[in-house]
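In: below: sequence and its predicted model.
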Amino acid sequence: MSKKSQSHPGSRSSVTGRFVTKGYATRHPSTTQNERIPIPGRGDAGRKKGK
């Protein structure tokens, strides 16, 4: 079995910072970015060890 990914793809507007649909991002490549969105509850990114 393969490992499950700890993130999923998403598209975000460069102007507003809000998430947009994949279709919108495809039609407006100069004003959108594709990124990997971490799945909540997986991994320890951004968390400190200890208290």
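Out: The structure has been received and is ready for your questions.

In: contacts only, for the residue nearest the centre of the chain.
Out: Centroid-nearest residue in the chain: Ile37, 2.3 Å away (criterion: Cα atoms, centre = their mean). Applying Cβ atoms under 8 Å, 6 or more residues apart in numbering to Ile37 gives the contacts 7-10. C-beta coordinates here come from the backbone N, C-alpha and C atoms, glycine included.

In: and if you look at Glu35?
Out: Applying Cβ under 8 Å, 6+ apart, the residues near Glu35 are 9-12.

In: and the closest residue to Arg42 other than its chain neighbours, how close does it get to His28?
Out: Among residues not flanking Arg42 along the chain, Gln6 sits closest, at 4.4 Å (Cβ to Cβ, 6 or more residues apart in numbering). The gap separating Gln6 from His28 is 28 Å, by Cβ to Cβ, to the nearest Å.
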